[in-house]
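Asker: What follows is a protein structure lacking sequence information:
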């Protein structure tokens, strides 16, 4: 009987070792899948931030175009109600998104050429500007463009801050749950 018990113990040990190995391999597979999922999530998050920036720029670009039309048309068209929005910008200077800006400028050329005749007629009625006024207007436009850029960056940073705050709250909750389980 002791010989049979020894054989059974060897078989049980082999089965147990095989089961542990299978469980370990499965855990490693889950770890690989989790690492892959995390890397894909990071990539998607970066893309999301990039696309959010593009949407902010597009929104700013459209507002800029409409505000430029309003400012040029305002002195000649007295029927317009005054707006409380900040003045227009002539450019949005994102250095890292120059390729996207060139794409926007290509798309904007169509709209600008159609509006050019209207703007030239309104501008001719506006009168000629002195060189000092033109240089001051250019400086103001550049400063307003920088202000708009900072406002867009601030919006992005606020969004990121909210996301990080939410992640902190989630991590804190997980920490407290783990601590509670450890105390048991």
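Answerer: Everything's here; your move. Note that the structure is a prediction, hence the values are computed from the model and not measured.
Asker: C-alpha from now on. contacts and neighbour counts both.
Answerer: Fine.
Asker: what helices or strands is the helix or strand harbouring residue 63 leaning on?
Answerer: For residue 63, the host element (DSSP states H and E) is helix 2-73. Applying 3 or more C-alpha pairs under 8 Å, 6 or more residues apart in numbering; DSSP states H and E, we find helix 2-73 packed against helix 98-126, helix 131-183.
Asker: Least confident of those helices, on average?
Answerer: If you rank the helices and strands packed on helix 2-73 by mean pLDDT, helix 98-126 sits at the bottom with a mean of 67.
Asker: if we can go back for a sec, just want the angle from the helix holding residue 63 to helix 131-183.
Answerer: 160 degrees (axes from the mean of the first three to the mean of the last three C-alpha atoms, to 10 degrees).
Asker: I'd like the average pLDDT over helix 2-73.
Answerer: Helix 2-73 comes out at a mean pLDDT of 81.
Asker: could you dump the helices and strands packed on helix 2-73 to JSON lines with distance to residue 44 and mean neighbour count?
Answerer: Converted to JSON lines, the helices and strands packed on helix 2-73 look like this (distance: least, C-alpha to C-alpha, whole Å; neighbours: other C-alpha atoms under 10 Å):
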{"stretch": "helix 98-126", "distance to residue 44": "19", "mean neighbour count": "13"}
{"stretch": "helix 131-183", "distance to residue 44": "14", "mean neighbour count": "13"}
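Asker: nearest to residue 48, of these?
Answerer: Among those, the nearest to residue 48 by C-alpha to C-alpha is helix 131-183 (11.3 Å).
Asker: What about residue 52, how many residues nearby?
Answerer: Residues contacting residue 52 under the criterion other C-alpha atoms under 10 Å number 14.
Asker: now do residue 69
Answerer: 16.
Asker: What are the structural domain limits within the protein?
Answerer: Annotated domains of the chain cover 1-32, 53-158 [automatic domain parsing].
Asker: Setting aside sequence neighbours, what's the nearest residue to residue 156?
Answerer: Counting by C-alpha to C-alpha, 6 or more residues apart in numbering, residue 156 lies nearest to residue 53, which is 7.3 Å off, once chain neighbours are set aside.
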